[in-house]
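[1] I would like to see how this sequence folds:
(2 chains)
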2 protein chains.
Amino acid sequence: MLSFRVRTLGIDSGKPIVVLTEDDAADLGVKSSSRVRVKSSRGEITAIVNIATKTLSNGTIGVFDEVRRILKLRDNDRVDVGVAPFPSSLQFIRNRLLGRKLNYDEIHEIVKDVVEGNLRETEIASFVTSLHMQGVDLDEATSLTNAMVETGHILKIKKRPVVDKHSIGGVPGDKTSLLLVPVLAAAGCTIPKSSSRAITSAAGTADKAEVLMPVNLGIEEITKVVQKTNGCLVWGGSLELAPADDIFVQIEFPLSIDPLLLPSIMSKKRAANVDNLVIDIPTGTRTKIKTIEEANLLAKDFIELGRRVNIKTQCTITSGEQPIGYAVGPALEAREALEILMRRKVVPEQIDKVCHIAGALLEMVGRNDGYDIAIQILKSGKAEKKMREIISQQGGNPNVTPEDIEVGEYTFDASSENAGNLLWIDNNGLVEVARAAGAPKDKEAGVLLHKKLGERVRKGESLFTIYSAKSRKMEMARKLLEEVRVCGVAEKGEMLIQRVREIPVPKKAFILER
Amino acid sequence: MLSFRVRTLGIDSGKPIVVLTEDDAADLGVKSSSRVRVKSSRGEITAIVNIATKTLSNGTIGVFDEVRRILKLRDNDRVDVGVAPFPSSLQFIRNRLLGRKLNYDEIHEIVKDVVEGNLRETEIASFVTSLHMQGVDLDEATSLTNAMVETGHILKIKKRPVVDKHSIGGVPGDKTSLLLVPVLAAAGCTIPKSSSRAITSAAGTADKAEVLMPVNLGIEEITKVVQKTNGCLVWGGSLELAPADDIFVQIEFPLSIDPLLLPSIMSKKRAANVDNLVIDIPTGTRTKIKTIEEANLLAKDFIELGRRVNIKTQCTITSGEQPIGYAVGPALEAREALEILMRRKVVPEQIDKVCHIAGALLEMVGRNDGYDIAIQILKSGKAEKKMREIISQQGGNPNVTPEDIEVGEYTFDASSENAGNLLWIDNNGLVEVARAAGAPKDKEAGVLLHKKLGERVRKGESLFTIYSAKSRKMEMARKLLEEVRVCGVAEKGEMLIQRVREIPVPKKAFILER
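    As a prediction, this is how the structure comes out:
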């Protein structure tokens, strides 16, 4: 251990990095990319070494923002620095690479070191890849779930039982959570819903809810809102519930792999103290889960994993053949959800989906005829009233109307080149268009469908309207539309799905949303 | 593309990194860890984005050393920056993760993007892990070899045929290359030997040769030396022969995996224009390759891969049960090699190994009785004369004597606790001790054995001497000696190898040297 004077560098790389002079690094016996342990009076952290080639003098250590933040450092503070010990978790990863299944203690050590920054990103990538290549069995999934819960915060809600729903995603326009929370809260269930922002989709539930109210609440604020209203609709990202997952996702996303699907979802629910859970599995040829058989296998694993981590779990396999409702994009979806709650717009498939999931949860906590209770709550306006309570408690405008919600001023109508029936909608293609138009970052951006599957389309009739807040982005969406076929309009009886003339290039689209 | 004013930051992270203000990053549509394409009048490069939280103003881009070096930037130069295009190689890696074998074009694209910095380290780690988990077949090995050659420099030697030897390593004290080069050069063969420095061993061939002469030569200097003397002994690290391999090794090493063993070796040889190659496979219970069967399978793969990439290849399976000769560590080994060349010291196993490998290569290029030719060249002093020519041409002292070579001033004798026969030597343990004493960084550090397998040892007799240049490091080596049993001394007939009382902790030691 050597002592250094701190110099904050004001660079945020998302990783803990310190900068040493070449002499000091040699003295410590480290080089660029080595890991060192940095100790201050306020804590300690493992950081990656970079080498200063100018501006730093011997005896001074440059610290990037993450190190500064965690150790609460200021310029001229002193820290002790030594070579980081070899993490035993790395040995466990090596064993996994040799084909060994890992036990709970080993997995806990790995997850802990992921969260604490003691493993290199390449080492985490290799671990995740080994899980993907060899598969994660239910023993490992259980260990991963528990370890991810134990290395993060826990949401403590006094009211029990707590119910929750999660969709593994893949179908655009799904407003289920925005409707389910007020329905179940109005029915007397406790549902502290935390959601993610979009990763690959056009709008995450948190993005949609944020159009109606603040969603960036702390754990204490959430507890208060739930105590008062039975429910909430918040962003889970900053709550540090199962924070390891957030690190895994960063690595998995570019690789298009998702071996931690089950532990990821179940750990977040366990950390939120959920007792009864419905996992929704949208299934269809153009979404994430393609076949009913595959959906059933996944459901079986969720139910068994739930049993092992003490969450009563059921699954709904729902139609994912086309977007749910008409709106895709944060503002458009929030508006459609509000219209449904206010009984201004009838979207039968969206209402059916909400009532099936709400019904299942109501029956799981001992109520009869769950579906009917749910539909009654929606129809009577109790769900709308409850939603306005939640909006108010989270700091939004409880009197918000659909007209208050702004959508993109630039619009473009995509019209059909021929007459026929709408035979298919490419969910991924539609999402790509909405994202090109600015969603989810620009909340006003998105797509509004005018036709759903099976409907008759005239030549030149508008299939959907693209909304964008910026002309440049609208241009990009229009350009994309020239390359990607989003809707298939043809006469019934046309059989060809695709003609393969050359080696097909796999699509870039990958649905990570869980 | 936006234009930025350059500010050099003087930080070397081993990776191309640029720093942008949060505003500028948002304008570009990137965030921390995103990849951007940076163009100057002198070239372009893909770099990783970090975010400035102080000291940088909008319109200014901070550049780390690698970016500065490659684009030859100075403060206040201007560069254009845009989002890096999605690398198609990443799609090929994703396909590999789905279990698809890759064809040559796909592998070439991946290797090119590895060299050019267009892939994230996590993506490379995932690729390497998939190769490890699923194995690399000979088709992929061939593609990898050719792609790694084509993305690097080529050593052009006019004299043909070119012969070379490579050991897959794992046995300490192996001075074969130091002796083989002068023997074959004296026999009229062309042998432009480039070697690596130690990664996990106590001394790489380049570390040993550097005790006798400069080894950090450029491609033109090497060509000159070889033109004059038929041979050379240089460090291959800065020659950029198959540079992708150097990047793969950095990632593989902490993970203890080596899926690229064959392509790595063969690409370096192909890039050096080698026509005839002997791969040495040391085999023994305490080295890298444990069984003769395993060695034969590996040999078969090397020979077939050689055929495919147009290098005539044979293998020697040699005893790796114990160190070769007595010296382990750069200076000690260089001294022992010089003593053998000068016929001052007889190390029968080292001479036998050199003559078998030299003999095989001589016979591959059409000579008869290769072993006898080699031993004659060694005994006659022609090898010594040739070595001094090479030392002179590379800029070393041609009159160097063993006494000129300095070894560590701090010494410690490890003596036997009991009487008996030396039944085993733990190669890895011995290397760990030599490394603790300072090898390979401190050239004077190492271990000198006094006993070899089967020899009689008295109680208290010295088994080996540790040499170190620093008292602190000698202390560490002595401490390690208390934990690690390096030599097994027992009466013949003692049968127990190990008694397993609890779950064994796998050893940290991993031999990456190829």
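
[2] Could you pull up the contacting residues of A:Ala244?
    By Cβ atoms under 8 Å, 6 or more residues apart in numbering or on different chains, the contact set of A:Ala244 is A:111, A:114-115, A:147-148, A:151-152. Heads up, the C-betas are built off the backbone N, CA and C, glycines and all.

[3] Quick check: buried residues in the helix or strand of chain A with the lowest mean pLDDT?
    When the helices and strands of chain A are scored by mean pLDDT, DSSP states H and E, helix A:22-28 comes last with a mean of 88. Across helix A:22-28, burial judged by 16 or more other Cβ atoms under 10 Å in any protein chain shown covers A:24-25, A:28.

[4] Next SSE downstream of that helix?
    Sequence-wise, the next helix or strand downstream of helix A:22-28 (DSSP states H and E) is strand A:35-40.

[5] Report all helices and strands that the next helix or strand after that next one contacts.
    Sequence-wise, the next helix or strand downstream of strand A:35-40 (DSSP H and E) is strand A:43-52. Using 3 or more Cβ pairs under 8 Å, 6 or more residues apart in numbering or on different chains; DSSP states H and E as the contact criterion, the elements in contact with strand A:43-52 are strand A:17-21, helix A:22-28, strand A:35-40, strand A:60-63, helix A:65-71, strand B:11-12.

[6] Next, the buried residues of strand A:43-52.
    A:45-52.

[7] Any chance of TSV for those, columns distance to A:Ser194 and pLDDT?
    TSV is the format used below for these (distance: Cβ to Cβ, whole Å; pLDDT from 0 to 100):
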residue	distance to A:Ser194	pLDDT
A:Ile45	27	92
A:Thr46	29	93
A:Ala47	30	94
A:Ile48	31	92
A:Val49	36	94
A:Asn50	36	94
A:Ile51	41	94
A:Ala52	42	94
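
[8] domain ranges for chain A?
    Recorded structural domains for chain A (assignment: automatic domain parsing) are A:2-83, A:88-135, A:163-240+A:258-402, A:410-490.

[9] Which parts of the stretch 251-400 of chain A are strands?
    Here the stretch 251-400 of chain A has its strands, by DSSP state E, counting those that start in this stretch, at A:276-283, A:312-319, A:327-328.

[10] touching chain B at all, stretch A:133-148?
    Yes: using Cβ under 8 Å from any Cβ of the partner chain, stretch A:133-148 reaches chain B at A:133-134.

[11] which stretches of the stretch 301-450 of chain A have low pLDDT?
    The model of the stretch 301-450 of chain A has no residue with pLDDT under 70.

[12] For chain B, what is the nearest residue in it?
    Residue nearest to chain B within the stretch 301-450 of chain A: A:Lys441 (8.5 Å; Cβ to the nearest Cβ).

[13] what about that residue, helix or strand, and which?
    Applying DSSP H and E, one finds A:Lys441 in no helix or strand.

[14] Pull the number of nearby residues for A:Glu455.
    13 (other Cβ atoms under 10 Å in any protein chain shown).

[15] Alongside chain B, which residues does the stretch 51-200 of chain A contribute?
    So far as Cβ under 8 Å from any Cβ goes, the stretch 51-200 of chain A lies against chain B at A:51-56, A:62, A:64-65, A:86, A:90-91, A:93-95, A:97, A:120-126, A:128-130, A:132-134.

[16] returning to what we had before: how about JSON lines for the helices and strands packed on strand A:43-52, with distance to B:Asp301 added?
    Shown next, in JSON lines, are those (distance: least, Cβ to Cβ, whole Å):
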{"stretch": "strand A:17-21", "distance to B:Asp301": "41"}
{"stretch": "helix A:22-28", "distance to B:Asp301": "40"}
{"stretch": "strand A:35-40", "distance to B:Asp301": "35"}
{"stretch": "strand A:60-63", "distance to B:Asp301": "47"}
{"stretch": "helix A:65-71", "distance to B:Asp301": "45"}
{"stretch": "strand B:11-12", "distance to B:Asp301": "38"}
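
[17] how about those, which one is nearest B:Ser471?
    Of all the helices and strands packed on strand A:43-52, it is helix A:22-28 that lies closest to B:Ser471, at 15.9 Å by Cβ to Cβ.

[18] contact partners of that closest one?
    Contacts of helix A:22-28 (Cβ under 8 Å, 6+ apart): A:2, A:4, A:20, A:31-32, A:34, A:36, A:49, A:51-53, A:58-59, A:61, A:81-83.

[19] ok, the buried residues of helix A:22-28 vs chain B, which is closest?
    A:Ala25 (10.2 Å).

[20] Tell me how far the closest one lies from B:Asn428.
    Taking Cβ to Cβ, to the nearest Å as the measure, A:Ala25 falls 27 Å from B:Asn428.

[21] And the residue in the stretch 51-200 of chain A that chain B sits nearest to, how close does it get to A:Val30?
    In the stretch 51-200 of chain A, the residue that lies nearest chain B is A:Lys54 (3.2 Å; Cβ to the nearest Cβ). Going from A:Lys54 to A:Val30 by Cβ to Cβ gives 19 Å.

[22] okay, the two: which has more neighbours?
    Neighbour count, other Cβ under 10 Å: between A:Lys54 and A:Val30, A:Val30 has more, with 20 against 11.

[23] Quick one: low-confidence residue ranges for the stretch 1-150 of chain A.
    For the stretch 1-150 of chain A, no range has pLDDT under 70.

[24] and the one residue sitting closest to the centre of chain A, what does it touch?
    With distances taken as Cα atoms, centre = their mean, chain A has A:Ser196 as the residue nearest its mean C-alpha position (3.8 Å). Contacts for A:Ser196 (Cβ under 8 Å, 6+ apart) come out as A:204-206, A:235-237, A:513-514.

[25] one more time with 10 Å, if that's ok
    Counting by Cβ atoms under 10 Å, 6 or more residues apart in numbering or on different chains, A:Ser196 makes contact with A:169, A:204-207, A:235-237, A:245-246, A:249, A:268, A:512-514.

[26] Most neighbours out of the residues you listed, which is it?
    Top of the contacts of A:Ser196 by neighbour count (other Cβ under 10 Å): A:Thr205, with 31 neighbours.
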